[in-house]
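1. coordinates for the following, if possible.
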Amino acid sequence: MYILNKNRTQIVNLDHVTAMYVGADETSIKVDFVTGKGCQIGKYASEKHAKKALEMLTLNIGRKEAFRMPTDEEMRGLLESEEGKPGNIGGKKQKGHGGS
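-> Down below sits the predicted model:
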């Protein structure tokens, strides 16, 4: 599988990657190569965005031949749609029935 970095400037071959992780700054996603070197494949606005992007990458390993790291706009839209889902149709907490 190949990964196109977030800036669309580099392609990484997963056959040569030993680790993928959120960096110490908690907003970047990094990969380490079998050669001992590494690189950053994406830097995001928050830790939440970085973790979600890494999760998306992980879930696509073996399913696709290539994966494109999501942009900031894609991450905002994705997380807003996930957070905006109401728990029920009206979006309001249901009233309790019964009890004392």
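
2. make it CA atoms for all contacts and neighbour counts henceforth
-> Noted.

3. may I have the phi/psi pair for the residue nearest to Asn13 when sequence neighbours are not counted?
-> Nearest residue to Asn13, sequence neighbours excluded (Cα to Cα, 6 or more residues apart in numbering): Tyr2, at 4.7 Å. Tyr2 adopts backbone torsions of phi -120, psi 150, taken as degrees, to the nearest 10.

4. got a list of what Tyr2 touches?
-> For Tyr2, the contact set (Cα atoms under 8 Å, 6 or more residues apart in numbering) comprises 11-14, 65-67.

5. narrow those to those that are buried.
-> The neighbour count (16 or more other Cα atoms under 10 Å) marks 12, 14, 66-67 as buried among the contacts of Tyr2.

6. what's the separation between Ala24 and Asp15?
-> Per Cα to Cα, to the nearest Å, Ala24 is found 24 Å from Asp15.

7. if we can go back for a sec, make a markdown table from the contacts of Tyr2 and add pLDDT, secondary structure and distance to Gly42 to it.
-> Supplementary listing: the contacts of Tyr2 in a markdown table, determined by pLDDT from 0 to 100; DSSP: H, G, I helix; E, B strand; the rest coil; distance: Cα to Cα, whole Å:
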| residue | pLDDT | secondary structure | distance to Gly42 |
| --- | --- | --- | --- |
| Ile11 | 97 | strand | 12 |
| Val12 | 97 | strand | 12 |
| Asn13 | 96 | strand | 15 |
| Leu14 | 95 | helix | 15 |
| Glu65 | 95 | coil | 19 |
| Ala66 | 96 | strand | 15 |
| Phe67 | 96 | strand | 12 |
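
8. most centrally placed residue in this structure?
-> For the chain, the residue nearest the mean C-alpha position is Ala53 (1.0 Å; Cα atoms, centre = their mean).

9. quick check: mean pLDDT of the strand or helix carrying that residue?
-> In the assignment (DSSP states H and E), Ala53 maps to helix 47-60. The pLDDT scores in helix 47-60 average 95.

10. equivalent analysis for stretch 80-98, please.
-> Averaged across stretch 80-98, pLDDT comes to 63.

11. tell me how far Gly38 lies from Asn5.
-> 13 Å.

12. any idea how far Arg76 lies from Phe33?
-> Taken as Cα to Cα, the span from Arg76 to Phe33 is 29 Å.
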